[in-house]
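Peer 1: just the structure for this:
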Amino acid sequence: MPASTGTDAIFDAALDYIISNVTHIVPLDAEPTAGFSDVDTPASSGGQQLAKRAFSGSLLSKQPDGSGGRELAVPTYGYLALESGDVDHIALIDDGASTILVYYEHDDGNGNAVSVTADQAFNINAHTVGIQNFQSA
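Peer 2: This is a model prediction of the structure:
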């Protein structure tokens, strides 16, 4: 089967949508399989949210991903943990529209979840989220 290809403009349109609409970044303790309610509900109340921080798309930048796709560079960012747990996913959301724009797996760079403690500050290191093979949530 031939590889699917697209121009940078196609990839960038999707990334621009995220940049234009993101209002918050949310560290999660699991994949948000139930949708927005998982991202918007603290882990202790049955959701996956461990922290939530206002976030501007101006902090994101588009770049080539090195394998033919495009990606967003997400800078190092500080948080105050609302819940104790292990961050293994991150969601970028449009809170006003109750929409998950993108969510993705995340680790400490060594394959381990990022352990956080309630009411303590923590950082999520700079990372990227890319578009290679589209999958609709």
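Peer 1: how close does Arg53 sit to Gly78?
Peer 2: 8 Å (CB to CB, to the nearest Å). The C-beta positions use only the backbone N, C-alpha and C, and glycine is treated the same way.
Peer 1: look at the two and report which has more neighbours.
Peer 2: Arg53 (13 against 10; other CB atoms under 10 Å).
Peer 1: pretty sure the more buried one is in contact with Leu59, am I right?
Peer 2: No: counting by CB atoms under 8 Å, Arg53 sits too far from Leu59 to count as a contact (10.8 Å).
Peer 1: mutual contacts of these two, please.
Peer 2: Common neighbours of Arg53 and Leu59, using CB atoms under 8 Å, 6 or more residues apart in numbering, are Tyr77.
Peer 1: just confirm Ile90 contacts Leu28, I think it does.
Peer 2: Yes: if you go by CB under 8 Å, Ile90 and Leu28 touch, sitting 6.6 Å apart.
Peer 1: if I look at these two, which residues touch both of them?
Peer 2: Each of Tyr103 lies in contact with both Ile90 and Leu28 under the rule CB under 8 Å, 6+ apart.
Peer 1: quick one: low-confidence ranges for the chain?
Peer 2: Applying pLDDT under 70 to the chain flags the ranges 1-7, 132-137.
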